[in-house]
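Visitor: Provided below are the primary sequence and the corresponding predicted coordinates.
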Amino acid sequence: MNTLSRRHLLQTAAAAGAATLLPHSFAQDVVKVGILHSLTGTIALAEASVVDAEKLAIDEINAAGGVMGKKIEAVVEDGASDWPTFAEKARKLLERDKVAAVFGCYTSASRKAVLPVFEKGKGLLYYPTYYEGLEQSPNILYTAQEATQSVIAAVNWLAANKGKDFYLIGSDYIWPRTTNKIARPTIAKAGAKVVGEDYFALGHIEFGSAINKIRASNATVVLSTMVGGSNVAFYKQMKAAGIDPKKITILALAVSEEEVSGIGADNVEGVLTCMGYFQSLPNAANQKFVKAFKAKYGDKRVTGDTLACAYTSVYLWKMAAEKAKSFDVEKVVAASNGLEIDGPEGKVKFAANHHLWKHARIGEFTKDGQVKMLYESPLIEPNPFPKLG
């Protein structure tokens, strides 16, 4: 179709108010994907910025020619930190928008809310957040670490280097509780012990009694699985109470550089974190990612683990679709098995169980909110179904 004919057809369609007049081949110049995250509510502190990373990857791919010659068009929906809303929006993306894939969710509660929607609707979700494991869906590809890929390495390193008396504190839902079920036997095998354990509802902001219990327990290590907005109150109150990370080691499994932007770097200086990715990683792919992210969103913006996993997810979907020569979900999933990518966190690859081989990295937050890396594991094979207890 020449330019004049195409322009005429577009004008005719616009005048008639009927996009259906466009020929099938022209309509297929675009492939739609969904982006589904909490832009509002208590989880937005950790989740809203993930959208920016996914949009960056989409923009880069479009600038390079798209996927199999098709431009990616993103449909963005707000899950609003509400699990029924996530399910409703997922259904809308699959049924009304007919997206080829969705990049989304943060908490396990939101993922579990949408899982039956994706399985029934035969859709595809890329899930970019560290989580508890205990799941493998034919319609989900998991691009962050499952719990065994972080907490086992964290506990063993802490017991060897920081202390033997662990206080476990976290938000009250499946990821923190399952993570600590894995932590407990690991702590015991390391010759250490649990001296206290507490859970609080998402959004909880009063931690005075928990801080008093941490003090009374004589814990040498606090292992935190606190998530979202609660982290702001928790770390501010820990600092106000005089809890010194140099005397009581605090390691967070759900605080990255991005969350520190909301918590305040001065409140977490000296606190440790265990992630698969840090902004400070020196590899070329990460330097390119960080430079592009700051150029697009501002030099004061930071990246973090979930952002990097989300960014990589879009590229993994592109690679799988091109390998399969199709946007069909079953074909894309099949093509993902064994797929490797040199991403911002380094080289990762999909196992047959829909999870990635990942590194566990432990680092310390510095006064600028960045992370000084202290430990890096070899690639860890995903084991989403460990024996618990």
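Guide: Noted; the coordinates are in hand.
Visitor: what about the nearest residue to residue 342 once chain neighbours are set aside, helix or strand, and which?
Guide: Distance criterion C-beta to C-beta, 6 or more residues apart in numbering; nearest residue to residue 342, sequence neighbours excluded, is residue 285 at 5.3 Å. Backbone N, C-alpha and C define where each C-beta goes, glycine included. Per DSSP states H and E: residue 285 is located in helix 284-297.
Visitor: Name the residues of that helix that come out as buried.
Guide: By neighbour count on 16 or more other C-beta atoms under 10 Å, the buried set for helix 284-297 is 285, 286, 289, 290, 293, 297.
Visitor: I'd say the fifth one and residue 53 touch.
Guide: Yes - with contact defined as C-beta atoms under 8 Å, residue 293 reaches residue 53; the gap is 6.9 Å.
Visitor: Look up the residues that both of those two are in contact with.
Guide: 303, 307 (C-beta atoms under 8 Å, 6 or more residues apart in numbering).
Visitor: The stretch 1-150 of the chain: strands as residue ranges?
Guide: Counting by DSSP state E, counting those that start in this stretch, the stretch 1-150 of the chain has strands at residues 30-37, 71-78, 102-104, 125-127, 140-142.
Visitor: and the fourth one, what other elements does it pack with?
Guide: When contacts are defined as 3 or more C-beta pairs under 8 Å, 6 or more residues apart in numbering; DSSP states H and E, strand 125-127 sits against strand 102-104, helix 108-121, strand 140-142, helix 305-324.
Visitor: circling back to that earlier point, looking at the buried residues of helix 284-297, which two lie furthest apart in space?
Guide: The two members of the buried residues of helix 284-297 with the most space between them (C-beta to C-beta) are 285 and 297, at 18.4 Å.
Visitor: Can you give me the neighbour number for residue 344?
Guide: Counted by other C-beta atoms under 10 Å, the residues lying close to residue 344 total 28.
Visitor: contacting residues around it?
Guide: The contact partners of residue 344, by C-beta under 8 Å, 6+ apart, come to 277, 281, 283, 285, 286, 289, 290, 303, 308, 311, 312.
Visitor: Can you pull the poorly scored residue ranges out of the stretch 251-389 of the chain?
Guide: Counting by pLDDT under 70, the stretch 251-389 of the chain contains low-confidence residues at 389.
Visitor: Can you tell me the element residue 211 falls in?
Guide: Element membership of residue 211, judged by DSSP H and E, is helix 208-217.
Visitor: Show me the strands paired with whichever helix or strand comes after that helix, marking each as parallel or antiparallel.
Guide: Where DSSP H and E defines the elements, the next helix or strand beyond helix 208-217 is strand 221-225. Strand 221-225 pairs in its sheet with strand 165-171 (parallel), strand 249-252 (parallel), by DSSP bridges.
Visitor: May I see the ones you listed arranged in CSV, with distance to residue 382 and mean neighbour count as well?
Guide: Shown next, in CSV, are the strands paired with strand 221-225 (distance: least, C-beta to C-beta, whole Å; neighbours: other C-beta atoms under 10 Å):
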stretch, distance to residue 382, mean neighbour count
strand 165-171, 22, 24
strand 249-252, 21, 24
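Visitor: packing partners for the helix holding residue 285?
Guide: Packing partners of helix 284-297 (3+ C-beta pairs under 8 Å, 6+ apart): helix 50-63, helix 305-324, strand 340-343.
Visitor: The second one to strand 30-37, inter-axis angle?
Guide: Right, the one you point to is helix 305-324. Angle, helix 305-324 to strand 30-37, by axes from the mean of the first three to the mean of the last three C-alpha atoms, to 10 degrees: 150 degrees.
Visitor: helices or strands up against helix 305-324?
Guide: Helix 305-324 is packed against helix 50-63, strand 102-104, strand 125-127, helix 284-297, helix 329-336, strand 340-343, with contacts defined by 3+ C-beta pairs under 8 Å, 6+ apart.
Visitor: I figured residue 378 hits residue 358, correct?
Guide: No - contact status for residue 378 versus residue 358: not in contact, 10.3 Å apart, counting by C-beta under 8 Å.
Visitor: who's more crowded, the two?
Guide: Ranked by neighbour count (other C-beta under 10 Å), residue 378 and residue 358 place residue 358 first, with 26 against 8.
Visitor: shouldn't the more buried one be in contact with residue 380?
Guide: Yes - taking C-beta under 8 Å as the definition, residue 358 is a contact partner of residue 380 at 5.7 Å.
Visitor: quick one: the residue nearest to residue 224 when sequence neighbours are not counted and residue 73, what's the gap?
Guide: Using C-beta to C-beta, 6+ apart and skipping residues adjacent in sequence, the residue nearest residue 224 is residue 252, 4.7 Å away. Going from residue 252 to residue 73 by C-beta to C-beta, to the nearest Å gives 36 Å.
Visitor: Out of the helices and strands packed on helix 284-297, the one nearest residue 265 is which?
Guide: Across those, closest to residue 265 is helix 305-324 (C-beta to C-beta), at 16.9 Å.
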